[in-house]
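Asks: kindly generate the corresponding structure for this input.
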Amino acid sequence: MSSSVNVSGTGPPNVVLPGVDSSMHAALDAALGSPERDRRDAVARVVARYPRYLAAWAALGDVARDTVESYMAYRVGYHRGLDALRQNGWKGNGYVRWSAVSNHGFLNCLDGLARTAALIGETDEATRCAQFLLQCDPTGKP
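Replies: Numbers count the residues shown, from 1 in each chain. Model (predicted):
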């Protein structure tokens, strides 16, 4: 069995997703501040307006009507996040750290996907996502 060892001293690269426009944050904050009965629909409108805004997908997962809808939102956000990581130089390895605020949307989607996959009985997916989350940032969520 052979494994590669990085002796360069630099370790795996850190990937930081670019920040988003402040108007996106403002729209999501306003939606999350909506009365509870309107919150899910308000967040869904933000997702529809900014479908690449990963924090909005994570928020939609958080305010979903049920576990399956939550799972779907986190899963879409996770896959959109993988696309964004690849567009920003990620090649399937390297750290995606919690310390970079712009990474939170992706990491929250991945964390939510792990949790909701477990809830619906997708234990293999839940395990893979939990492991991937630790590989992204072994120090864990702050």
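Asks: may I have the distance across stretch 26-41, first residue to last?
Replies: Using C-alpha to C-alpha, to the nearest Å, the end-to-end distance of stretch 26-41 comes to 16 Å.
Asks: likewise stretch 133-140?
Replies: End-to-end span of stretch 133-140 (C-alpha to C-alpha): 8 Å.
Asks: equivalent analysis for stretch 131-142, please.
Replies: End-to-end distance for stretch 131-142, by C-alpha to C-alpha: 17 Å.
Asks: ok, and what's touching it?
Replies: Identification of contacts with stretch 131-142 by C-beta atoms under 8 Å, 6 or more residues apart in numbering yields 95-99, 107, 110-111, 114. In this view, the C-beta of every residue, glycine as well, is placed from N, C-alpha and C.
Asks: switch the cut-off to 6 Å
Replies: For stretch 131-142, the surrounding residues in contact (C-beta atoms under 6 Å, 6 or more residues apart in numbering) are 96-98, 110-111.
Asks: can I get these in JSON lines including distance to residue 130, secondary structure and pLDDT?
Replies: Listed next are these as JSON lines, based on distance: C-beta to C-beta, whole Å; DSSP: H, G, I helix; E, B strand; the rest coil; pLDDT from 0 to 100:
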{"residue": "96", "distance to residue 130": "15", "secondary structure": "coil", "pLDDT": "97"}
{"residue": "97", "distance to residue 130": "17", "secondary structure": "coil", "pLDDT": "97"}
{"residue": "98", "distance to residue 130": "15", "secondary structure": "coil", "pLDDT": "97"}
{"residue": "110", "distance to residue 130": "9", "secondary structure": "helix", "pLDDT": "98"}
{"residue": "111", "distance to residue 130": "8", "secondary structure": "helix", "pLDDT": "98"}
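Asks: determine which two of those residues are furthest apart.
Replies: Largest separation among the contacts of stretch 131-142 by C-beta to C-beta: 97 and 111, giving 13.7 Å.
Asks: which of the two has more neighbours?
Replies: More crowded of residue 97 and residue 111, by other C-beta atoms under 10 Å: residue 111, with 21 against 16.
Asks: and the residue nearest the centre of the chain, how far from residue 38?
Replies: Centroid check for the chain by C-alpha atoms, centre = their mean gives residue 106 as the closest residue, at 2.2 Å. According to C-beta to C-beta, to the nearest Å, residue 106 stands 27 Å off from residue 38.
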